[in-house]
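J.: Okay, here's the prediction I keep looking at, along with the sequence it came from:
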Amino acid sequence: MPDMENIKLYATRSAQNLGEAIATHLKMPLNLTQAEKFSDGELFVKFNESVRGQIVLLIGKIHTPYENFFELLMTIDAARRSSAKEVILVIPYLPHSRQERRDGQRTSISSRMVADMIQLMGADRLITLDLHTNAIEGFYKIPVDPLSSLKLFINHIEQSQIDHLCLCSPDFGGIKRIKQYKKNLTADMVVINKERLKPNAVATMEIIGDVSGKNVIIVDDLVDTAGTLCKAADLLIEHGAKSVRAYCTHGVLSGGALETITKSKIEKLLIADTVQEIVDHPKIEVVSCAGVLAAAIENIVTNKSLSNL
């Protein structure tokens, strides 16, 4: 890392473990901001050291409840008001990414709202992982670096030495992602066509392609209630698949997701620690994204390309 005196790494309370892992990769200290509450629950955020003229690398996780989002916004504002030269955000999972367009009348584009709030507070750059859709990048006037978990998951797949491999996209929107994986693996490819009646509820589902005798890997950016994922896994087994695994970057795992996964025929679910850091479930494995994020940070501050990450 160049000129370490001008770069300081911070993490909000929700991202302390991830921040420590990134700091280890970068071989630099992690500084924590002071975040406290008044008796009525009002939040107070403060830097305990000068950041004047510094590049502030701020790592934060945003998930419900959204107090951690407000803490992140307050920390950006505190850095700006403390004369930081630049504020670079590292937010592995951007919330509301599924609401990047209006699906009906009288609805909000909340993904745009998140972008507006981050920029309004004064962030200069955003590093994130596996955007739900590339259109979200257009909501920002600041540079956005949407990294991919491809190398993270490819390494795991190769180490697993799975034969008769078949990659599965859970919808047509994920075909581009699957093709990127296919460039690095010897595997067939199938797509699932699904129709939704409402969020987290699938009406119909059909497989386009042959999975007979194949070990199928479903690749997606997000798993929430896991209903669609597990329904897809059961359907693949019904159509002759030997086994079904899933690699999903953001493991939100809300509602009865864990119970749904337990009852399903999915063999293994691999997620990055962008939301959940520890999941006590025999079918779920969590891998760290700290290495990918640290490599991106190092390339950015040394003015190197991110295309090889």
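T.: Yep, it's here. Numbers count the residues shown, from 1 in each chain.

J.: so what does the helix or strand where Ile297 lies touch, helix or strand wise?
T.: Secondary structure assignment for Ile297, by DSSP states H and E: helix 290-301. When contacts are defined as 3 or more CB pairs under 8 Å, 6 or more residues apart in numbering; DSSP states H and E, helix 290-301 packs onto helix 16-26, strand 55-59, strand 86-90, strand 125-129, strand 144-147, helix 150-160. Any C-beta I mention is one placed from the backbone N, CA and C, and that applies to glycine too.

J.: ok, which stretches of the stretch 101-250 of the chain are strands?
T.: Along the stretch 101-250 of the chain, the segments classed as strands by DSSP state E, counting those that start in this stretch run 125-129, 144-147, 165-169, 188-198, 201-208, 215-223, 243-251.

J.: From Val191, how far out is the residue of the chain positioned farthest from its centre?
T.: Distance from the centre of the chain peaks at Ser39, with 33.6 Å (CA atoms, centre = their mean). Separation of Ser39 from Val191 (CB to CB, to the nearest Å): 55 Å.

J.: Same check on Arg102?
T.: 26 Å.

J.: Over to Ile208?
T.: 5 Å.

J.: of those two, who's got more company?
T.: Val191 (18 against 12; other CB atoms under 10 Å).

J.: Run through the bridge partners of that one.
T.: Val191 has these beta-bridge partners by DSSP bridges: Ser169, Ile208.

J.: please begin residue numbering at 59 from this point
T.: In the new numbering, first residue 59, that becomes Val249.

J.: mind listing what it touches?
T.: Cys226, Ser227, Asp229, Phe230, Ile233, Ile236, Ile265, Ile266, Gly267 (CB atoms under 8 Å, 6 or more residues apart in numbering).

J.: tally of neighbours for the fourth one?
T.: Same thing as Phe230. If you count neighbours by other CB under 10 Å, Phe230 ends up with 12.

J.: Just to check, it is in contact with Val248?
T.: No - with contact defined as CB atoms under 8 Å, Phe230 does not reach Val248; the gap is 11.9 Å.

J.: what about the spatially closest residue to Val103 that is not a sequence neighbour, which helix or strand?
T.: Nearest-residue entry for Val103: Met132, 4.2 Å, with adjacent residues in sequence omitted and distances by CB to CB, 6 or more residues apart in numbering. Here Met132 sits within helix 125-139, counting by DSSP H and E.

J.: now for that helix, which elements pack on it?
T.: On a contact count with 3+ CB pairs under 8 Å, 6+ apart, helix 125-139 meets strand 101-104, strand 113-117, strand 144-148, helix 168-178.

J.: Give me whichever of those is most buried.
T.: Counting by mean count of other CB atoms under 10 Å, strand 113-117 has the highest mean neighbour count of these, with a mean of 25.

J.: list the helices and strands that strand packs on?
T.: Under the contact definition 3+ CB pairs under 8 Å, 6+ apart, strand 113-117 sits against strand 65-69, helix 74-84, helix 125-139, strand 144-148, helix 348-359.

J.: Nearest to Glu335 among these would be which one?
T.: Proximity to Glu335 (CB to CB) singles out helix 74-84 among the helices and strands packed on strand 113-117, at 5.6 Å.

J.: can you give me how far stretch 269-282 is from the chain middle?
T.: The chain centre lies 18 Å from the centre of stretch 269-282; the measure is CA atoms, centre = their mean, to the nearest Å.

J.: Ok, stretch 77-96 next?
T.: Centre-to-centre, stretch 77-96 and its host chain are 19 Å apart (CA atoms, centre = their mean).

J.: re the thing from before, please work out which of the helices and strands packed on helix 348-359 is packed deepest.
T.: strand 113-117 (a mean of 25).

J.: from memory Val333 sits against Thr307, does it?
T.: No - contact criterion CB under 8 Å: Val333 and Thr307 do not qualify, at 9.4 Å.
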